[in-house]
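Engineer: Model the structure of this input:
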Amino acid sequence: MSIATQIDVFKKLNIAPSAHSDAEFDQMANAFGYLPRLQQYTDASAQVKKKELQAGFYVVTGKDDKVFLGEDVDVIPLAWRFKALETLPGVKPRSSTNPKSELFREIQAQSGKQNSHCQAGIEYLLWVPAAGKYATYLMGSKTAVKEASKLKPLIGCVATIKTFTYENDQFVWQGPKVLEASVPPASLPPEEGLQDEIDRFKAAQEEAGDGPQEKIEEAPTKRKR
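Structural biologist: Coordinates of the predicted model:
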């Protein structure tokens, strides 16, 4: 089966619908079982500070391994959900995928504060062709939440997430930038079990604890000199 034919098959699956409406998605995007995670390592991460990894690299982090992907990564988004995540040092992480829950709103209220260890935004279920794995990707920083709306129309297609340097009159910082991919994917998710992965990801979770993870998002803003 050709790549084009396989992608057509994926589009016929239940990958686009979500338990939340488009209006709810737009409101969040404009406002602000265990799977590996796609994360962007920046100047703020311990690995970069120790010079173990270059700033701006994307990494698929699993329980026991890491796949290093570089500054640009091709992905196939399969589904989305809301996600609020709190990762305070020394405390078990707290998260919610229900934007109407008290926990979600509590984390969201803190997410805009510097060094709050809180993120709230859109989380995607991805297939990462270069790694040959499913992964979740939380777009929870201010910059990432804005880019999340660009990934949604590409569900079932191939997208590229780049490390991009943003700047305004005062600051310069790194964050993700979403583009439509220009080349076919290196691999595609197996049809068998695909719908199960999507259904598990979409399943309602009022409040759930995640495994230990490092808070890695866009680098802290740097004042221009």
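
Engineer: where does residue 170 fall, phi/psi-wise?
Structural biologist: phi -110, psi -30 (degrees, to the nearest 10).

Engineer: go on, residue 144?
Structural biologist: Torsion angles, degrees, to the nearest 10, at residue 144: phi -60, psi -40.

Engineer: could you check the distance from the closest residue in space to it that isn't next to it in sequence over to residue 139?
Structural biologist: Ranked by C-beta to C-beta, 6 or more residues apart in numbering and with sequence neighbours excluded, the top spatial neighbour of residue 144 is residue 176, at 5.4 Å. Where C-beta positions appear, they are placed from N, C-alpha and C, glycine not excepted. Counting by C-beta to C-beta, to the nearest Å, the gap from residue 176 to residue 139 is 7 Å.

Engineer: Is the residue nearest to residue 144 bridged to anything, and to what?
Structural biologist: With DSSP bridges as the criterion, residue 176 is bridged to residue 163.

Engineer: ok, it to residue 108 distance?
Structural biologist: 20 Å.

Engineer: Which one's more surrounded, these two?
Structural biologist: Comparing residue 176 with residue 108 by neighbour count (other C-beta atoms under 10 Å), the higher total belongs to residue 176, at 24 against 21.

Engineer: Could you check how far the more buried one is from residue 194?
Structural biologist: Noted for residue 176: a distance of 25 Å to residue 194, by C-beta to C-beta.

Engineer: Name the residues of the lengthiest strand in the chain that are buried.
Structural biologist: When the chain is parsed with DSSP state E, its longest strand is strand 72-86. Buried residues in strand 72-86, defined by neighbour count with 16 or more other C-beta atoms under 10 Å: 72-86.

Engineer: Out of the residues you listed, which is nearest to residue 128?
Structural biologist: residue 75 (5.6 Å; C-beta to C-beta).

Engineer: partner residues bridging the nearest residue to the closest one once chain neighbours are set aside?
Structural biologist: Spatially, and ignoring its direct neighbours in sequence, residue 75 is nearest to residue 126 (4.4 Å; C-beta to C-beta, 6+ apart). Under the criterion DSSP bridges, residue 126 forms beta bridges with residue 77, residue 135.

Engineer: any idea how far residue 103 is from residue 126?
Structural biologist: Distance from residue 126 to residue 103, by C-beta to C-beta: 25 Å.

Engineer: okay, those two: which has more neighbours?
Structural biologist: Between residue 126 and residue 103, residue 126 has the larger neighbour count (other C-beta under 10 Å), namely 29 against 16.

Engineer: Does the more buried one touch residue 38 like I think?
Structural biologist: Yes - with contact defined as C-beta atoms under 8 Å, residue 126 reaches residue 38; the gap is 6.2 Å.

Engineer: Give the residues shared as contacts by the two.
Structural biologist: Here residue 126 and residue 38 have 75, 135-137 as joint contacts, going by C-beta atoms under 8 Å, 6 or more residues apart in numbering.

Engineer: Report the helix or strand with the lowest average pLDDT across the chain.
Structural biologist: When the helices and strands of the chain are scored by mean pLDDT, DSSP states H and E, helix 22-31 comes last with a mean of 46.

Engineer: mind listing what's buried in the next helix or strand after that one?
Structural biologist: Of the helices and strands lying after helix 22-31 in sequence (DSSP states H and E), the nearest is strand 37-40. Neighbour-count burial for strand 37-40, counted by 16+ other C-beta under 10 Å, picks out 37-40.
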